[in-house]
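Q: I would like the atomic coordinates for the input below:
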Amino acid sequence: MLEHVLRRMGFGASPEDLAHYRDLSPLALVQTLLNFGSVADDVDANIGRPEFAGITTRGQFSPDTIINDARQRWLFRMVHSRRPLQEKLALFWHNHFATAYSKINGTFGPVHATKMMDGKPQNVGGVRGQIQLFRDMATANFRDLLIEVARDPAMLVWLDGRTNVRTRPQENFGRELMELFTTGIGHYTEADVYAAARVFTGWNLELVGDRSDPINGYYRFIYNAGQHDTNAKEFTFDIYPGNRTIPARPAGQGLQDGIDLIDALARHPATATRLATRFYQFFVNDVDAPDQGLIRELADTYRGTNGSIRSMLQRLFISEAFLSGFTAFRRYAWPVEFAVRSIKEVGWRGLSVDSAINPLTNMGQQLYEPPDVNGWALGAEWFSTASMLARMNYAATLAGNQKFNLARDAQPYRQSPERVLEFLVARFPTAGFAGDGFPALLEYLRAGITWNGSDAQLNTKVAGAVRLIVGAGEYQFN
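A: Residues are numbered from 1 along each chain as shown. Model (predicted):
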């Protein structure tokens with residue numbers, strides 16, 4: 001059960017993780033992982049230390065200004081953070097508020113694009129990248145998160161908010177705020193989209209310092225009152241109780257228009273249900289039809305706490321649906337979940353996280369690069385012949401890289417291939433091998449040799465069996 005909780009609230013469990021948490025009950029583990037704010041966020045200090053996964057440098061390692069280095073840092077954090085839920089939620093919000101590096105790069109260049117995506121304030125003149133925003137507000141109030149996303153520089157570039165002026169309202173952000181971030185389709189009209197565009201006129205960016213300065217030059221949010229549409233905006237849903245109109249305001253007070261609209265959308269009943277459903281599918285089950293009773297409870301928790309993400313997650317993580325064995329392995333693993341879990345379970349000594357970046361792209365997921373505003377296609381849509389082959393190839397690469405470490409760990413079970421396979425099946429939990437899966441693995445261990453458990457046999461056979469297990473369809477579920 002500890003492994004189940006760590007797969008869902010994080011990215012799986014290494015042998016070291018299991019030893020660290022072994023004295024906790026599942027409920028105690030849930031509380032420990034949920035209360036991650038009490039755990040030091042010092043994982044980045046371990047980058048480059050030999051007992052942790054490695055990174056690959058191409059000159060100076062600069063994850064705040066070079067996107068491939070940022071990808072390596074995020075993968076390193078997923079593997080090693082003692083705040084796994086924080087990184088898991090950052091990934092969830094990255095998909096919910098899907099924003100792609102490539103467009104920002106095309107607008108402001110690679111350095112500013114990287115800073116906008118995942119810059120750490122203490123490293124680059126105070127700028128907070130979007131993923132860092134998601135870490136900071138992972139379990140905050142949803143309304144407050146929406147406001148910060150609306151002001152986020154990466155989002156202002158991605159959805160063209162920086163070009164939204166009173167003489168030519170830009171509809172992209174207002175549309176996606178309703179369609180993707182809050183209520184969903186069916187709860188707004190095209191007239192609402194145009195009114196929302198007018199609400200956010202004047203929300204823009206300004207350059208601080210020198211644009212060519214990779215450390216101290218950066219872009220931040222600014223409200224440009226001279227570009228705000230000061231007229232009243234009418235909607236087809238309530239903005240205030242019993243009132244569907246944002247009043248005309250002087251330009252200097254126009255920022256309140258956007259806050260009022262976000263408040264209304266955050267309060268909307270459809271937002272509570274939509275967010276509850278997405279949490280359920282991400283943390284519990286996206287194979288079967290959703291548990292509508294639990295989703296109603298989560299939505300009620302949202303409304304009863306005025307949008308507390310933490311309260312929703314607390315209710316979800318102590319639910320029978322989350323903790324019961326029935327829902328184990330009832331989630332299709334995202335490529336990054338698969339890659340990080342396999343690193344944690346197979347091992348990382350002598351491995352660079354950079355080795356996962358190209359395979360992840362082949363599996364269908366490149367960090368900081370969702371394909372469009374809808375995010376990635378989830379669930380069974382992760383899988384195709386090509387993407388499954390990429391997962392199998394990565395399993396082979398990883399097992400080959402770790403073959404001596406795997407053989408060493410299997411030495412206590414070297415008496416027979418049956419004992420070795422029992423060890424491996426326990427080390428790499430799956431949804432359960434159907435049909436002849438288990439006998440086929442046993443046959444692989446026996447094939448072509450007379451078993452004597454020698455070091456040479458372990459070096460060859462254990463890594464090969466791990467490749468088959470981690471690359472199997474049964475391993476592709478969380």
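
Q: name the element the residue minimising distance to the centre of the chain belongs to?
A: By C-alpha atoms, centre = their mean, the chain has its centre lying nearest to Leu91, at 1.1 Å. Here Leu91 sits within helix 84-96, counting by DSSP states H and E.

Q: now the helices for the stretch 301-450 of the chain?
A: Secondary structure of the stretch 301-450 of the chain (DSSP state H, counting those that start in this stretch): helices at 309-317, 320-323, 335-346, 357-363, 385-401, 403-410, 417-427, 437-446.

Q: lowest mean pLDDT across the ones you listed, which one is that?
A: Among the helices of the stretch 301-450 of the chain, helix 437-446 carries the lowest mean pLDDT, at a mean of 87.

Q: on that earlier part again, show me what secondary structure element comes after the helix holding Leu91.
A: Past helix 84-96, the next helix or strand by DSSP H and E is helix 101-108.

Q: give the buried residues for that next one.
A: Buried positions in helix 101-108, judged by neighbour count with 16 or more other C-beta atoms under 10 Å: 101, 103-105, 108. C-betas here are computed from N, CA, C, even on glycine.

Q: what's that helix packed up against?
A: Helices and strands touching helix 101-108, by 3 or more C-beta pairs under 8 Å, 6 or more residues apart in numbering; DSSP states H and E, are helix 110-118, helix 153-158.

Q: tell me how many other residues crowd Arg166.
A: Arg166: 17 surrounding residues under other C-beta atoms under 10 Å.

Q: the nearest residue to Glu3 once chain neighbours are set aside in helix, strand or coil?
A: Computed as C-beta to C-beta, 6 or more residues apart in numbering, the closest residue to Glu3 that is not its neighbour in sequence is Ala13, at 5.0 Å. Look at Ala13: counting by DSSP: H, G, I helix; E, B strand; the rest coil, its state is coil.

Q: would you list the phi and psi of Ala13?
A: phi -130, psi 120 (degrees, to the nearest 10).

Q: just checking, it touches Ser342?
A: No: using C-beta atoms under 8 Å as the test, Ala13 is too far from Ser342 to be in contact (12.0 Å).

Q: specify which residue of those two has the higher count of neighbours.
A: Looking at Ala13 and Ser342 with other C-beta under 10 Å, you find the greater number of neighbours at Ser342, namely 25 against 22.

Q: before we move on, back to that, tell me the spacing between the residue nearest to the centre of the chain and Glu337.
A: 8 Å (C-beta to C-beta, to the nearest Å).

Q: same thing with Glu418?
A: 31 Å.

Q: mind checking which of those two has more residues around it?
A: Glu337 (24 against 13).

Q: who's in contact with that one?
A: For Glu337, the contact set (C-beta atoms under 8 Å, 6 or more residues apart in numbering) comprises 11-12, 478.

Q: again, only using 6 Å
A: Asn478 (C-beta atoms under 6 Å, 6 or more residues apart in numbering).

Q: if we look at stretch 195-208, which residues are touching it?
A: With C-beta under 6 Å, 6+ apart, stretch 195-208 has contacts from 153, 156, 161-162, 164-166, 169-171, 173-174, 218-220, 222-224, 227-229, 233, 235, 257-258, 261.

Q: just the ones of those in strands?
A: Under the assignment DSSP state E, these contribute 218-220, 222-223, 233 to strands.

Q: out of the residues you listed, which is most surrounded?
A: Tyr218 (28 neighbours).

Q: how much space between the closest residue to that one other than its chain neighbours and Leu133?
A: Once flanking residues are discounted, Tyr218 sits nearest to Val127: 4.0 Å by C-beta to C-beta, 6+ apart. Going from Val127 to Leu133 by C-beta to C-beta gives 11 Å.

Q: same check on Phe97?
A: Taking C-beta to C-beta, one finds Phe97 at 9 Å from Leu133.

Q: tell me which of the two has more neighbours.
A: Ranked by neighbour count (other C-beta under 10 Å), Phe97 and Leu133 place Phe97 first, with 25 against 22.

Q: next one: the residue lying closest to the more buried one once chain neighbours are set aside relative to Asp372, how far apart?
A: Distances taken as C-beta to C-beta, 6+ apart put Val149 closest to Phe97, at 5.4 Å, once the chain neighbours are dropped. The gap separating Val149 from Asp372 is 17 Å, by C-beta to C-beta.

Q: which of these two has more residues huddled nearby?
A: It is Val149, of Val149 and Asp372, that has more neighbours when counted by other C-beta under 10 Å, with 24 against 9.

Q: that one belongs to a helix?
A: Yes: the assignment for Val149 (three-state DSSP) places it in a helix.

Q: I'd say it and His96 touch.
A: No: with contacts defined as C-beta atoms under 6 Å, Val149 does not count as touching His96, sitting 9.3 Å away.

Q: contacts for stretch 17-33 next, please.
A: In contact with stretch 17-33 (C-beta under 6 Å, 6+ apart) are residues 1-2, 5, 9, 85, 317, 323.

Q: so among those residues, where is pLDDT lowest?
A: For these, the least confident entry is Met1, with 81.

Q: count of neighbours near the closest residue to that one other than its chain neighbours?
A: The shortest distance from Met1 to any non-neighbouring residue, by C-beta to C-beta, 6+ apart, is to Pro26 (4.7 Å). Counted with other C-beta under 10 Å, the neighbours of Pro26 add up to 15.

Q: over to the one 4 residues further on?
A: The burial metric for Val30, expressed as a neighbour count using other C-beta under 10 Å, is 22.
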